[in-house]
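Novice: one predicted model, sequence on top.
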Amino acid sequence: MYLTTSDCDKCGKCWEACPTDCIKHPDGIPFSCTTCGECARVCPTQAIRKNRFGGWYVDRARCTLCGLCVKHCPFGFAKIVFDENLKKERVKGICVRCGLCVKVCPKNARFDLGRYIPRPIDYSVVLEIATPERLKEILQGKKLEAVVTK
């Protein structure tokens, strides 16, 4: 999961660069898919699979667009959209952990939380951190360690 620090100037380069459209921006603050895997857990065709970077991808050949990933995404990232290039609907909003959002940030305000939490990641901790309210606290300088070291 990628988080945003208080250095963010809300320029939007991270969500513009995201190929999977997995970054929301409440109040202009980038908030990313947590890669919790809930979408994969509920997928009846096992179309959502983990990649080598710890992110998830949708195998379009297996995906039936049933919408269970959308229904069960804890933060509403997964969505079914019409893809103009493919001329059909597909699932988007699930982070593949490509790191483009980090690379394009002119303020170096994006960071990979996975580098700071030992694996396997306890997603109950991530889900506590990854709320718009908690993200605002982190951006205001409140300690991340208090949550990470539970």
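Specialist: Structure's in. What do you need?
Novice: residue 112 versus the residue nearest the centre of the chain, what's the distance?
Specialist: Note on the chain: the residue nearest the mean C-alpha position is residue 33, at 1.6 Å, using CA atoms, centre = their mean. Distance check for residue 33 against residue 112: by CB to CB, to the nearest Å, it reads 13 Å. In short, each C-beta sits where N, CA and C put it, glycine included.
Novice: intersection of neighbour lists for these two?
Specialist: Overlap of the contact sets of residue 33 and residue 112 (by CB atoms under 8 Å, 6 or more residues apart in numbering) consists of residue 1.
Novice: for this structure, which segments are assigned as strands?
Specialist: Taking DSSP state E as the test, the strands found in the chain are 2-4, 23-24, 31-32, 48-50, 56-58, 79-83, 88-92, 110-112.
Novice: could I get those strands as JSON lines with mean pLDDT, distance to residue 40 and mean neighbour count?
Specialist: As requested, these are exported to JSON lines (pLDDT from 0 to 100; distance: least, CB to CB, whole Å; neighbours: other CB atoms under 10 Å):
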{"stretch": "strand 2-4", "mean pLDDT": "85", "distance to residue 40": "18", "mean neighbour count": "23"}
{"stretch": "strand 23-24", "mean pLDDT": "93", "distance to residue 40": "19", "mean neighbour count": "19"}
{"stretch": "strand 31-32", "mean pLDDT": "89", "distance to residue 40": "17", "mean neighbour count": "24"}
{"stretch": "strand 48-50", "mean pLDDT": "97", "distance to residue 40": "4", "mean neighbour count": "17"}
{"stretch": "strand 56-58", "mean pLDDT": "96", "distance to residue 40": "6", "mean neighbour count": "22"}
{"stretch": "strand 79-83", "mean pLDDT": "96", "distance to residue 40": "16", "mean neighbour count": "13"}
{"stretch": "strand 88-92", "mean pLDDT": "96", "distance to residue 40": "11", "mean neighbour count": "16"}
{"stretch": "strand 110-112", "mean pLDDT": "86", "distance to residue 40": "20", "mean neighbour count": "18"}
